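What would the 3D arrangement of this be:
(one chain, ligands or ions: 1)
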Amino acid sequence: MFEVKICGVRLKSDVQAVGAAGSHAGKAVAIGLNFYPASARYVDPESAETAELSATAARAGILRVGVFVHETPEKIARIAAQVGLAAVQLHGDETVEEVDQLFELIEIDIIRAIKLPTGPISIEEIDEACQPWLEMGCGLLFDADAGSDHGGSGKTLDWPSIRSWADANPDIPWMLAGGLTPENVAEAIEVTGAKCVDTASGVEESRGVKSAAKIEEFIQAI
Ligand SMILES: O=C(O)c1ccccc1NCC(=O)[C@H](O)[C@H](O)COP(=O)(O)O
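This is a model prediction of the structure:
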């Protein structure tokens, strides 16, 4: 679907930076729009600014992924239609029943954040965390467990553990997140074999404020 997602984009200029960097590097890019009110990266789904952000991305051929934490399936479906999302990313502790209901309401992809500890973890433990979501048809995004913040922690996963799981499951597509930066993303890809990477804090000047230069460097480094 895409090779890189820059998550927590809040300004039209951020979208333009992602589009330009994607074109320079010849990469399929996506943006994450964060609809979790407690996040420093929150954008209001009802605002004219968000509609304009989404329209700017659409014109540039950039996919929009909506990030949600503990919203009702009905609200997620309404926002997805309103904003023109290509996928929704569930980053809380949503239940299988809630995700089942969401599948009834939307036809776009559902990405499940699999929040893992930052230390070494076995193939079996990762399998167990993924299994319910794979059975439902969700896409997988591996991220570092951010506790009550849910995401965007800047913490990295144990990449060799992810590689071991990926080698044991070569037919399952997945995405890598968690503390990826322009400086470490090439190594993360080399170690894990990730085909799709996601970052939020690694391309920011300060929490919630994206840097066009870091977005360019990150996408160039892939
Ligand atoms: O970014 C947030 O503030 C956030 C808050 C709550 C749930 C999810 C959130 N972000 C989701 C993402 O896709 C991030 O890119 C991912 O968690 C990695 O973040 P980082 O370690 O900062 O690159």
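
Which helix or which strand is home to residue 46?
Element membership for residue 46 (DSSP states H and E) is empty, with no helix or strand holding it.

go on, residue 141?
Using DSSP H and E, the element containing residue 141 is strand 139-144.

and the helix or strand just after that strand, what's its mean pLDDT?
As assigned by DSSP H and E, the chain's next helix or strand after strand 139-144 is helix 159-168. Per-residue pLDDT over helix 159-168 has a mean of 98.

could you check whether helix 159-168 is close to the ligand?
No - applying C-beta under 6 Å from any ligand atom, one finds helix 159-168 separated from the ligand by no less than 13.5 Å. C-betas here are computed from N, CA, C, even on glycine.

Go through that helix and flag the buried ones.
Within helix 159-168, the residues that qualify as buried by neighbour count (16 or more other C-beta atoms under 10 Å) are 159, 161-162, 164-166.

Next SSE downstream of that helix?
strand 175-176.

Does that following strand reach the ligand?
No - between strand 175-176 and the ligand, judged by C-beta under 6 Å from any ligand atom, nothing touches; the nearest distance is 9.0 Å.

Tell me the helix or strand right after that strand.
Tracing the chain past strand 175-176, the next element assigned as helix or strand by DSSP H and E is helix 185-192.

Check what contacts that following helix and list those residues.
The contact list for helix 185-192 (C-beta atoms under 8 Å, 6 or more residues apart in numbering) reads 156, 159-160, 162-163, 166, 176, 180, 194, 197, 199, 202, 218, 221-222.

which parts of the protein sit against the ligand?
7-8, 32, 34, 36, 39-41, 67, 69, 91, 143, 149-154, 177-180, 198-202.

In contact with residue 202: list those residues for me.
Taking C-beta under 8 Å, 6+ apart as the test, what residue 202 contacts is 154, 179-182, 184-185, 214, 218.

Let's see that with 10 Å instead.
Going by C-beta atoms under 10 Å, 6 or more residues apart in numbering, residue 202 touches 6-7, 154, 156, 177-185, 211, 214-215, 217-218.

neighbours of residue 18, just the number please.
Other residues near residue 18 number 28, with proximity taken as other C-beta atoms under 10 Å.

before we move on, what SS does it have?
Secondary structure, DSSP: H, G, I helix; E, B strand; the rest coil: residue 18 is helix.

Looks like it contacts residue 28 (just checking).
No - contact criterion C-beta atoms under 10 Å: residue 18 and residue 28 do not qualify, at 11.3 Å.

okay, now residue 69: neighbour count?
20.

my guess is it contacts residue 94, does it?
Yes - between residue 69 and residue 94 there is a contact at 8.3 Å, judged by C-beta under 10 Å.

shared neighbours of those two, anything?
residue 113.

how many degrees apart are the lengthiest strand in the chain and helix 159-168 in direction?
When the chain is parsed with DSSP state E, its longest strand is strand 109-116. Calculated by axes from the mean of the first three to the mean of the last three C-alpha atoms, to 10 degrees, strand 109-116 forms an angle of 130 degrees with helix 159-168.
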